[in-house]
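> need a structure here:
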Amino acid sequence: MNTITKYNGLKYEPEQWKEITIRYCTNCYCYAINQIINPITKTVFDNWNHTQPGNLGGKNNIIKDWKNLPEDQVLKTIIDSTNYDLHFLGLQIIPSTFEEVIEDEDIWKVALCFCFDNIRDYHWYRQNNDGTWSHKCGTYEVKNTDEVDKVIINPEECNRGIYTNFAGFFIIKKLPKIIKKECLENGRIKEIHFYEDNRISIFYYENEQVKKAFCFEEIYKYKGE
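This is a model prediction of the structure:
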């Protein structure tokens with residue numbers, strides 16, 4: 001029995017994900033990190049390459065790489081790659097539990113599971129603000145029910161189909177910035193974000209639109225202005 005009365009969840013709005021160009025260009029990962037469009041181009045995702053962990057942050061081969069890793073290394077690889085993407089949004093992902101609730105409106109909880117059988121695949125769930133959970137299976141519509149059409153109360157205990165390896169619960173929250181710098185480089189605005197975990201994000205702007213973005217580990221400790 002669920003005795004929790006407060007939740008770190010987002011509003012359940014499946015209708016927002018039904019439009020055909022959104023439905024067919026997003027997946028469980030986009031839904032989990034709450035990105036219905038590409039946060040860099042501000043347009044719909046144009047192909048599946050942009051909807052995998054790490055691609056927004058520059059880890060373009062993550063899906064090929066993790067499928068060749070030992071099972072005990074897969075979780076860290078996926079979470080690290082997800083953090084690369086979230087940095088562009090000023091967010092981070094950290095471990096949590098089913099019961100944990102943090103008093104903050106700007107966070108939400110997700111859950112991750114894997115299939116290690118005939119195919120290697122991952123699947124994400126996202127908590128709703130009423131405590132139930134929802135997800136998006138590939139190009140299918142968003143739903144709040146599991147594989148036997150029961151409303152999902154706890155993704156660890158629901159029927160997940162082929163995703164039998166439950167990896168854990170996580171919180172997505174704001175990432176504290178140390179410093180934000182803007183400068184001109186070859187006539188373009190370059191914006192640099194320094195974060196507390198020693199990573200940095202660099203954004204290049206043209207006509208007030210982000211044209212390129214990079215995220216990587218800071219190789220030195222920033223000091224001063």
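> what about the helices in the chain?
Listed in chain order, the helices of the chain (DSSP state H) span 20-23, 28-32, 62-66, 71-87.
> nearest to Y163, of the ones you listed?
Comparison of those against Y163 by CB to CB identifies helix 28-32 as nearest, at 9.7 Å. No exception for glycine: its C-beta is placed from N, CA and C like everyone else's.
> just for the protein, where's the confidence low?
Per-residue confidence of the chain (counting by pLDDT under 70) places the weak regions at 1-5, 48-49, 58, 60-64, 177-190, 194-200, 203-225.
> could you break it into its assigned domains?
The record's domain split for the chain, according to automatic domain parsing, is 14-174, 177-217.
> return the distance of the residue lying closest to R160 once chain neighbours are set aside relative to Q52.
Spatial nearest neighbour of R160, excluding adjacent residues (CB to CB, 6 or more residues apart in numbering): C113 at 5.7 Å. Distance, C113 to Q52, using CB to CB, to the nearest Å: 16 Å.
> Y125 now?
Counting by CB to CB - Y125 and Q52 are separated by 17 Å.
> thinking again about what came up before, any idea which of the domains of the chain is most buried?
Neighbour counts averaged per stretch over the domains of the chain are highest for domain 14-174, at a mean of 17; criterion: mean count of other CB atoms under 10 Å.
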